[in-house]
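1. Provided below for reference: sequence and predicted model.
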Amino acid sequence: MEQQLIRERYELSMARILKFQEEQTVTEPYRDFFTAMSRFIGLCGRVMEAVEEGTFGSWTGEELKELNEKLYEDIRGDRYETSYGNPAWAVSRLGKELGRLLCFLYAEIRGDIAYAFEGRMLEMVIGNEALIEIYNLFEEGVPTEREVKDVLYWCVSDYCDVTLTYRIRECLDPSLDFAKKIIMESDLSDLSYLYRFGEYISEQELQTAGFLNRLPEETIRCMADTYTDGYIRGFAVMGRDLSKKKTVLIRYPLGFERMIRQAVKNFEAHGLSVIFMRAAVDSVNKNPAGRAGYTSSSPNKQYDYDHRYDSAVYYDKAFRDRKLSVLKTAYEQYKKEAAEYAGPAVVETFGEDSFSPVNKEEAWSFTEKQQRLFLEYRNLSMPVVNQYIPGDETSFTIIAFPLPSIGPDFEEIFKETIDINTLDYVKYQKIQQHIIDALDRAEYVEVLGNGTNRTNLRIDLAELSDPASQTRFENCVADVNIPLGEVFTSPRLSGTEGLLHVGSVYISGIQFKDLTMEFKEGRVTFVSCGNFLEELLPLAGEQEKKEAAEAGRRLVVQEIMNQHETLPMGEFAIGTNTTAYAMAERFGITDRLPILIVEKMGPHFAVGDTCYSWSEDSPMYNPDGKEMTARDNEISILRKENVSRAYFGVHKDITIPYKELGSITVVEPGGTRVPIIKDGRFVLPGTEELNQALDR
């Protein structure tokens, strides 16, 4: 009965929207916006009808390719300059107030692509009815900003129990098998299968899938085994019981289906059903920090950047409370599935062309009050999630591979990446133990940059009550965090201070140039980057330089610090994977590697939560049997008094590459100085073998 009612609402709303193209009851320039929306929704409606009738599976590869091009053409390339999805264009055509609101509506309705492919009729109805209500306002004349905003606000708020609840289910319920069927049942040699996901398919995905199809079966199995074995090993290393779990969530980039198909078989052999969730398509569930789920390369990164804070349209205290209430109800509804969830297994990629975002004043952004509410929601929601999915009962793994866009050496880089992901576990474990032994004798560690790198940091370390059975650093080899190659700790904030500087680093898909962070008592006190300063002419005025500097500061706060003005240093680590570094230097791709690999190529520092957030009370042991006790810092320990003050919901790594590194020196309580790295080379006895890759 309920489904029949939804179908009736769908048919009525589609019939009404398609008439927009014939009517002239709305004045220009607004009529053109509604006509464009009508055409787009009509195209999605064709897909929905074919899915409902069961005929979509018979569409040919050419038909699917043509459909994909039409669905995404409006935000690609030069077309974006005159798209209603571009806030600058929308405002220039429709006015500042209404243009920004209709641009938001445009972005929300683009979620219809996913809804149509998956047959999610109710979500399409929600968008359709909001569009019709706003269209009706324009038929009576030009409405006020408040009238349009009220429609959008109540649509998002009222249907939050639909959109957010489905998102929770999507992360936990293996019966939602839309993507799994495509992966496991398609003929992967016919690349048209890629168009059936409903994601934008570029040459990147086609070339990646084609390349994987040419790899020997043993190579595919090696890639999948490394990925799944790391995940399973993570539970053993962390001392967690995998036998209580039944599901694992795979997040990966389209094009890797041949590897993922084998990974599904591997996980199922361990008794784990696999879940695939799509990256979020609506503002309620999108994360400003990036996309999480199965996804493709973006049709336009500037479009994504322009819409990352669209929730500013409606984010107020009432909505925050509403969303928190729905979150609690949703997890209670799916508490059985939550209890069976083991954690995510993630495949990342690298090699995409660099992206330098343009900050548009027309794009939505949070007010200070909204930013505070947004951060409060994170702090309030984490205990809810942890109640149903305890952090000390789950694990994860992450692995990365290159994309064809990395350049003509793609195939050779891919082969070497596989080698890096499968380095000798035992050899690195022994070498890293020498580093840990030296660090365990330290009072603090000094890190200095080299040449133009201005890094000058003092890192204080947690105390050991029983050095014979305890250690401060985890010996990280190939399990949850692939490739291997680091030792890490949660530094003591008191006494940790100085300047962190990196010439170039990629974080959240954005290249940060001349990134600077200053610390006092372990907290960030100043940030900057030179992204926007580089664009200025030499004769730029002081005001222009100030504005560019402020834009750079905001970019760091938004994309690295997730809107926090200050964060603690949550991690200090020393990367030992000189093989990865040598590969990066040889192919000239250091600035295109993901942080997952870069963090193993020098010392790195994470701002935000520690590596052990939500599982600090779970014992962690190194291979030598010593307990890693530096799992807390002065902020995370506040969870025992007030959990909302202990966590930030962010952990971003920043690495100094060996070539920018002057030295890392252990300073013992009596003042004895023991160098670990000097002039970018390992000099601590027992670690010299790491220099062989650098020599090559």
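-> The structure has been received and is ready for your questions.
2. what about the helices in the stretch 1-150 of the chain?
-> Counting by DSSP state H, counting those that start in this stretch, the stretch 1-150 of the chain has helices at residues 2-18, 30-53, 61-72, 87-94, 96-109, 112-118, 121-139, 145-158.
3. quick one, which of those gets closest to residue 678.
-> Ranking these by their distance to residue 678 (criterion: Cβ to Cβ) puts helix 87-94 first, at 50.3 Å. (C-beta placed from N, C-alpha, C; glycine too.)
4. mind giving me the packing neighbours of that closest one?
-> helix 30-53, helix 96-109 (3 or more Cβ pairs under 8 Å, 6 or more residues apart in numbering; DSSP states H and E).
5. looking at those, which is buried most?
-> Each of the helices and strands packed on helix 87-94 was scored by mean neighbour count; the highest is helix 96-109, a mean of 22, by mean count of other Cβ atoms under 10 Å.
6. quick one: the residue nearest the centre of the chain from residue 202, how far?
-> Residue closest to the mean C-alpha point of the chain, counted by Cα atoms, centre = their mean, is residue 290 at 4.3 Å. For residue 290, the distance to residue 202 (Cβ to Cβ, to the nearest Å) stands at 18 Å.
7. leaving out chain neighbours, which residue sits closest to residue 132?
-> Nearest residue to residue 132 in three dimensions, chain neighbours excluded: residue 16, at 5.6 Å (Cβ to Cβ, 6 or more residues apart in numbering).
8. now do that neighbour against residue 7, distance only.
-> For residue 16, the distance to residue 7 equals 15 Å [Cβ to Cβ].
9. the residue lying closest to residue 272 once chain neighbours are set aside is in what secondary structure piece?
-> Among residues not flanking residue 272 along the chain, residue 248 sits closest, at 4.6 Å (Cβ to Cβ, 6+ apart). Assigned by DSSP states H and E, residue 248 belongs to strand 247-251.
10. avg pLDDT for that strand?
-> The average pLDDT within strand 247-251 is 98.
11. chain center to that strand, what's the gap?
-> 15 Å (Cα atoms, centre = their mean, to the nearest Å).
12. so which residues make contact with the following helix or strand past it?
-> Using DSSP H and E, the next helix or strand after strand 247-251 towards the C-terminus is helix 257-269. The contact list for helix 257-269, computed with Cβ atoms under 8 Å, 6 or more residues apart in numbering, reads 180, 182-184, 186, 188, 193, 209, 212-213, 215, 220-221, 223-225, 227-229, 231, 248, 250, 252, 273-274, 345, 347.
13. what's the ChimeraX line that selects buried ones from those residues?
-> Remark: buried members of the contacts of helix 257-269, expressed as a ChimeraX selection using 16 or more other Cβ atoms under 10 Å:
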select :180,182,183,186,188,193,209,212,215,220,221,223,224,227,228,229,231,248,250,252,273,274,345,347
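14. domain parsing for this protein?
-> In terms of domains, the chain is parsed into 2-158, 176-393, 424-666 (source: automatic domain parsing).
15. and those as TSV, adding distance to residue 164?
-> Rendered in TSV, the data for those read as follows (distance: least, Cβ to Cβ, whole Å):
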stretch	distance to residue 164
domain 2-158	10
domain 176-393	5
domain 424-666	17
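16. by mean pLDDT, show me the worst of these.
-> For these, mean pLDDT drops lowest on domain 424-666, to a mean of 90.
17. measure that domain end to end?
-> Domain 424-666 has an end-to-end distance of 27 Å (Cα to Cα, to the nearest Å).
18. just stretch 240-260 next, same as before
-> End-to-end span of stretch 240-260 (Cα to Cα): 25 Å.
19. one more: stretch 291-304?
-> Chord length of stretch 291-304, first to last residue, is 10 Å (Cα to Cα).
20. how many other residues sit next to residue 19?
-> Using other Cβ atoms under 10 Å, residue 19 has 12 other residues around it.
21. what's the answer for residue 303, then?
-> Neighbour count of residue 303, defined by other Cβ under 10 Å: 21.
22. surely it meets residue 75?
-> Yes - with contacts defined as Cβ atoms under 8 Å, residue 303 counts as touching residue 75 at a distance of 4.7 Å.
23. need the residues touching each of those two.
-> By Cβ under 8 Å, 6+ apart, residue 303 and residue 75 have these common neighbours: 85-86.
24. so what's residue 441 closest to, chain neighbours aside?
-> Spatially, and ignoring its direct neighbours in sequence, residue 441 is nearest to residue 668 (5.5 Å; Cβ to Cβ, 6+ apart).
25. correction: the previous question concerned residue 487.
-> residue 473 is the one closest to residue 487 (Cβ to Cβ, 6+ apart), at 4.4 Å.
26. right, and that neighbour touches residue 441 too?
-> No - look at residue 473 against residue 441 with Cβ under 8 Å: they stay out of range, at 11.6 Å.
27. more crowded one of the two?
-> residue 473 (28 against 15).
28. element containing residue 558?
-> Applying DSSP H and E as the criterion places residue 558 in helix 542-559.
29. buried residues, that helix. List them.
-> Going by 16+ other Cβ under 10 Å, helix 542-559 has these buried residues: 548, 551-559.
30. closest to residue 323 among the residues you listed?
-> Of all these, residue 558 has the smallest distance to residue 323: 20.7 Å, by Cβ to Cβ.
31. count of neighbours near the nearest residue to the closest one once chain neighbours are set aside?
-> Spatially, and ignoring its direct neighbours in sequence, residue 558 is nearest to residue 288 (7.1 Å; Cβ to Cβ, 6+ apart). By other Cβ under 10 Å, 19 other residues sit near residue 288.
32. report the contact partners of the residue nearest to the centre of the chain.
-> 508-509.
33. before we move on, what about residue 109?
-> Residue 109 is in contact with 37, 40-41, 127, 131, counting by Cβ under 8 Å, 6+ apart.
34. longest strand in the protein, by residue count?
-> Taking DSSP state E as the criterion, the chain has its longest strand at strand 492-507.
35. for residue 381, give me its contacts.
-> Neighbouring residues of residue 381 by Cβ under 8 Å, 6+ apart: 324, 327.
36. the strand or helix carrying it versus helix 542-559: what angle between them?
-> Per DSSP H and E: residue 381 is located in helix 368-388. Helix 368-388 and helix 542-559 are oriented at 20 degrees to each other (axes from the mean of the first three to the mean of the last three Cα atoms, to 10 degrees).
37. wait, which of the helices and strands packed on helix 87-94 is closest to residue 335?
-> Residue 335 sits nearest to helix 96-109 of all the helices and strands packed on helix 87-94, at 29.7 Å, using Cβ to Cβ.
38. sorry, back to before: which strands or helices does the helix holding residue 558 pack on?
-> Applying 3+ Cβ pairs under 8 Å, 6+ apart, we find helix 542-559 packed against strand 510-520, strand 523-528.
39. and the angle from the longest strand of the chain to strand 523-528?
-> 30 degrees.
40. got a list of what the residue lying closest to residue 373 once chain neighbours are set aside touches?
-> Leaving aside its sequence neighbours, residue 373 sits nearest to residue 320 (Cβ to Cβ, 6+ apart; 4.9 Å). For residue 320, the contacting residues are 373-374, 376-377, by Cβ under 8 Å, 6+ apart.
41. the closest residue to residue 343 other than its chain neighbours: neighbouring residues, count only.
-> Leaving out its chain neighbours, the residue that sits closest to residue 343 by Cβ to Cβ, 6+ apart is residue 394, at 3.7 Å. Neighbour count for residue 394, taken as other Cβ under 10 Å: 20.
42. any idea how far residue 674 is from residue 394?
-> Distance from residue 394 to residue 674, by Cβ to Cβ: 37 Å.
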